[in-house]
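K.L.:
I need the structure of the sequence given here:
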Amino acid sequence: MLYFVGKDVRRWIGQCAELVARTGELENLNIREQGFAGRLIYYPPATVVEKLRKGEVANAQSVFSRAIGIATLFREVPTVEELSETFLMHDHSFADHLLVLRAAPPGIYRSQLGEFRL
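P.N.:
Numbering: from 1, shown residues only. I've put the predicted structure just below:
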């Protein structure tokens, strides 16, 4: 499930980055994909958080960060046989660390994107 959420989120992030690149007044602001990912992870819109809570998801930050990490690692959903036992037992840790390797500190997302609405 996380893989598919991550795949959708990564597609959305790519679309946001493309929009910034095509918009003259935005292209010089140095807004990158990591900024959109961080904004979603650390400052998700209230409507998104509420929707997740209704689905009994307690921690939106973990869902988005792990989903992006997993979707970054795999091109397609791997079979159980393709994954090591260690990965299966600790996939959440691997996914969290993958995001950290690709992202900037959380504080930059609010300042970098300013008043952008997600």
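K.L.:
For Leu40, which non-adjacent residue is closest in space?
P.N.:
Phe64 (5.5 Å; CB to CB, 6 or more residues apart in numbering). In short, each C-beta sits where N, CA and C put it, glycine included.
K.L.:
Could I get the full set of helices for the protein?
P.N.:
Assigned by DSSP state H, the helices in the chain fall at 2-22, 24-27, 33-42, 46-54, 60-73, 85-102, 107-113.
K.L.:
Need the mean per-residue confidence for the last one.
P.N.:
Read that as helix 107-113. Averaged across helix 107-113, pLDDT comes to 52.
K.L.:
same thing with the longest one?
P.N.:
With pLDDT averaged residue by residue, helix 2-22 scores 91.
K.L.:
got the angle for that helix vs helix 60-73?
P.N.:
Helix 2-22 runs at 80 degrees relative to helix 60-73, counting by axes from the mean of the first three to the mean of the last three CA atoms, to 10 degrees.
K.L.:
What does the pLDDT read for Ala71?
P.N.:
The model reports Ala71 with a pLDDT of 87.
K.L.:
follow-up on the earlier one: could you report the distance from the residue nearest to Leu40 to Glu81?
P.N.:
Phe64 is 28 Å from Glu81, where distance means CB to CB, to the nearest Å.
K.L.:
So for these two, which sits in the more crowded spot?
P.N.:
More neighbours surround Phe64 than the other of Phe64 and Glu81, with 23 against 5 (other CB atoms under 10 Å).
K.L.:
For that one, give its distance to Val77.
P.N.:
18 Å.
K.L.:
for Arg32, same thing?
P.N.:
Per CB to CB, Arg32 is found 27 Å from Val77.
K.L.:
Repeat that for Asn28.
P.N.:
38 Å.
K.L.:
Arg66 now?
P.N.:
Distance, Arg66 to Val77, using CB to CB: 15 Å.
K.L.:
who has more neighbours, these two?
P.N.:
For Arg66 versus Val77, the count of surrounding residues by other CB under 10 Å is larger for Arg66: 24 against 13.
K.L.:
distance of the more buried one from Asp91?
P.N.:
With distances taken as CB to CB, Arg66 is found 8 Å from Asp91.
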